[in-house]
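K.L.:
what follows is a predicted protein model with its sequence.
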Amino acid sequence: MADFDLAIIGGGINGAGIARDAAGRGLKVLLLEQNDLASGTSSASTKLIHGGLRYLAQGSLRLVREALAEREVLMRIAPHLVHPMRFVLPAEAADRPAWMLRLGLALYDHIGGRRTLPGRRSIDFHSDPAGAPLKPQFARGFEYSDCTVDDARLVVVNALDAAAHGASIRTRTRVVRADRAAEWTLVLETRGRRAVATARVLVNAAGPWLAHVAGSVLGLPRPLPVRLVKGSHIVVARLFDHDRAYILPVPDGRIVFARPYGDAFTLIGTTEEDFAGDPAAANVEAHEVKYLCDAMNAYLRRPIGPADVVHAFAGVRALFDDGARLARDATREYVLTLDRGGGRAPLLTVYGGKITTYRRLAEAALARLSAVLPAAPASSASSASSASSPWTADRPLPGGDFAPGHDADLAAETRRSWPFLAEGHARRLVEAYGTRVRDLLDGIQNVNGLGPCFGADLTGAEVRYLMQHEWAETAEDVLWRRGKLGLVLGREQRDAVGRFMTDTVGAPQG
């Protein structure tokens, strides 16, 4: 009998989402990640939960409808990580007349079942603060709603919920070889030590490493129809005072987002170009920085240049290769292919997907696998009775069990219970952990109980919590994925975090 019903290669948003869904249905799940959770593409997004206005213009109505419906779900189940934001579109820059933009935004407002977000409106840039950063030739525009997300933390909380339902989460674990017979036999390597696990079904959700896993690990005879597309982002000091974002058309037919990022920065992205090589080595190139600066400078009164960039990051997406000539035109629809094995163990391969629709992708994956997975036991931890029962839309993710829009109330409650916390510190903890902030601070009586402060209110107590409960093992895990404090801490402070983690007694779970 196999050790696991389902083994998943890849600890990004798709793998973690599938693990959560499957474990909650009572299946025995193993999630394998060669590095840290969300260490690849899933921490290199534009950090938006959105329908994709550009995809609507391309006629991808089904994709947009599904994404907008998921926007509502994610605001409900992860209110600490998914927050509403208004987006500003200059009318003069678009390649369509104003009436067509207005009609498109009306459709965008209605096809996804918008309930709580405010709808579209017209803007006079001469009187609205959104016009202040823009060149004077931009006189009018439109504003509509979408959401932001902490992408890497969304991955982590899905893994946390999977673990709470019994899944085994193994980070820093590489699949060296996978032998396929009546079940999968996986040879695993963790910090130089090897082990073996068996599974009835295998899911390849390795993202940009999809083809490598298929060829070098699984030994499949034919290359996968996968297209690697790199997207790069830059971060600069805050470009505007208000809290809205911009969606800016670019002459090549793409769009660039410029959105508030933390309290002091603006995030600008993304590029799209075909990629070849090792995804771990993907870097932001000089021509991409110029592209993004030029895109912004077509709109901004005060231009920016490469010298203004304080941080940059790139991610590689593994899209299904539909033969599109340009990277920007390749399908963004997720594609799931099931090889039932012909008497051997089944294999599901996951292509593409958006962070917005990861939960629907997971449901679709479990639906495809329903014929080859066992029925969940009646006594399983979730209310699901079989592998065909979706459940994740109605259950808050860890920390998300409070009413959307009530972050400030939770932060105020946190300060009442721990009055030595500064207001900004409490707010940041709530935005990262939601109601789990109570677990993080449990037993701490005064400011000394927080341990050393490394800067930007990051304390030893928080770092220790991340090591013990969220699989964090390195300073990079803490500073760039469990949070984004790497942007504001200096080198000496970052090194101090690493030394503290090395000296701390404690190990990641799983």
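P.N.:
Good, I have the coordinates.
K.L.:
now the nearest residue to Ala181 once chain neighbours are set aside. Its backbone dihedrals?
P.N.:
Counting by Cβ to Cβ, 6 or more residues apart in numbering, Ala181 lies nearest to Arg344, which is 6.0 Å off, once chain neighbours are set aside. In short, each C-beta sits where N, CA and C put it, glycine included. Dihedral angles of Arg344 (phi, psi; degrees, to the nearest 10) stand at phi -100, psi 180.
K.L.:
okay, now Arg344: neighbour count?
P.N.:
13 (other Cβ atoms under 10 Å).
K.L.:
same deal with Arg325?
P.N.:
Arg325, neighbours per other Cβ under 10 Å, totals 7.
K.L.:
mind listing what the residue nearest to Ala181 touches?
P.N.:
Counting by Cβ atoms under 8 Å, 6 or more residues apart in numbering, Arg344 makes contact with Arg180, Ala181, Ala182.
K.L.:
top of these by number of neighbours, please.
P.N.:
Comparing the contacts of Arg344 by number of neighbours (other Cβ under 10 Å), Arg180 comes first, having 17 neighbours.
K.L.:
who does it bridge with?
P.N.:
Trp184 (DSSP bridges).
K.L.:
which ones are touching it?
P.N.:
By Cβ under 8 Å, 6+ apart, Arg180 lies in contact with Leu218, Gly341, Arg344, Ala345, Leu347.
K.L.:
now the helix or strand hosting Phe313: how far from the chain's centre is it?
P.N.:
Take DSSP states H and E as the rule and Phe313 turns out to sit in strand 309-320. Distance, stretch centre to chain centre, for strand 309-320: 12 Å (Cα atoms, centre = their mean, to the nearest Å).
K.L.:
over to stretch 171-182?
P.N.:
Between the mean C-alpha location of stretch 171-182 and the chain-wide mean there is a distance of 25 Å, by Cα atoms, centre = their mean.
K.L.:
for it, C-alpha coordinates in CSV please.
P.N.:
Taking Å, rounded to 0.1, in the frame of the first residue of the first chain, the C-alpha atoms of stretch 171-182 are listed here in CSV:
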residue,chain,number,x,y,z
THR,A,171,10.7,21.9,1.9
ARG,A,172,14.3,21.8,0.8
THR,A,173,13.5,18.3,-0.5
ARG,A,174,14.4,17.4,-4.1
VAL,A,175,12.9,14.5,-6.0
VAL,A,176,16.0,12.8,-7.4
ARG,A,177,14.1,10.0,-9.2
ALA,A,178,10.6,8.8,-9.7
ASP,A,179,9.9,5.2,-10.7
ARG,A,180,6.5,4.4,-12.1
ALA,A,181,4.8,1.1,-11.7
ALA,A,182,1.5,0.3,-10.0
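K.L.:
pLDDT at the residue lying closest to Val235 once chain neighbours are set aside, what is it?
P.N.:
Leaving aside its chain neighbours, Val235 sits nearest to His311 (4.1 Å; criterion: Cβ to Cβ, 6+ apart). On pLDDT, His311 comes in at 98.
K.L.:
residues contacting His311?
P.N.:
Shown in contact with His311 (Cβ under 8 Å, 6+ apart): Ile234, Val235, Phe265, Leu487.
K.L.:
so the last one makes contact with Val310?
P.N.:
Yes: with contact defined as Cβ atoms under 8 Å, Leu487 counts as touching Val310 (7.3 Å).
K.L.:
between those two, which is the more surrounded one?
P.N.:
Counted by other Cβ under 10 Å, Leu487 and Val310 do not tie: Leu487 has more neighbours, with 16 against 13.
K.L.:
and the helix or strand bottoming out on mean pLDDT in the chain, what does it pack onto?
P.N.:
Ranked by mean pLDDT, DSSP states H and E, the weakest helix or strand in the chain is helix 53-57, scoring a mean of 81. For helix 53-57, the elements it packs on are helix 61-77, helix 98-110, judged by 3 or more Cβ pairs under 8 Å, 6 or more residues apart in numbering; DSSP states H and E.
K.L.:
the ones you listed into JSON lines, with extra columns for mean neighbour count, mean pLDDT and distance to Asp503?
P.N.:
Supplementary listing: these in JSON lines, determined by neighbours: other Cβ atoms under 10 Å; pLDDT from 0 to 100; distance: least, Cβ to Cβ, whole Å:
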{"stretch": "helix 61-77", "mean neighbour count": "20", "mean pLDDT": "94", "distance to Asp503": "37"}
{"stretch": "helix 98-110", "mean neighbour count": "15", "mean pLDDT": "88", "distance to Asp503": "51"}
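K.L.:
check which residues of stretch 191-200 are buried.
P.N.:
Across stretch 191-200, burial judged by 16 or more other Cβ atoms under 10 Å covers Ala197, Thr198, Ala199, Arg200.
K.L.:
between those residues, which is nearest Asp329?
P.N.:
Proximity of those to Asp329 was ranked by Cβ to Cβ; the top entry is Ala199 with 36.6 Å.
K.L.:
so Glu363 touches Arg20, yeah?
P.N.:
No: between Glu363 and Arg20 there is no contact under Cβ under 8 Å: 10.8 Å.
K.L.:
quick one on the thing from earlier: nearest to Phe402, out of the helices and strands packed on helix 53-57?
P.N.:
Nearest to Phe402, of all these, is helix 61-77, at 10.8 Å by Cβ to Cβ.
K.L.:
out of the buried residues of stretch 191-200, which sit inside strands?
P.N.:
Among the buried residues of stretch 191-200, DSSP state E puts Ala197, Thr198, Ala199, Arg200 in strands.
K.L.:
partners of the second one in the sheet?
P.N.:
So that's Thr198. Beta-bridge pairing of Thr198 under DSSP bridges involves Thr185.
K.L.:
show me what contacts it?
P.N.:
Ala2, Asp3, Phe4, Glu183, Trp184, Thr185, Leu186 are the contacts of Thr198 under Cβ under 8 Å, 6+ apart.
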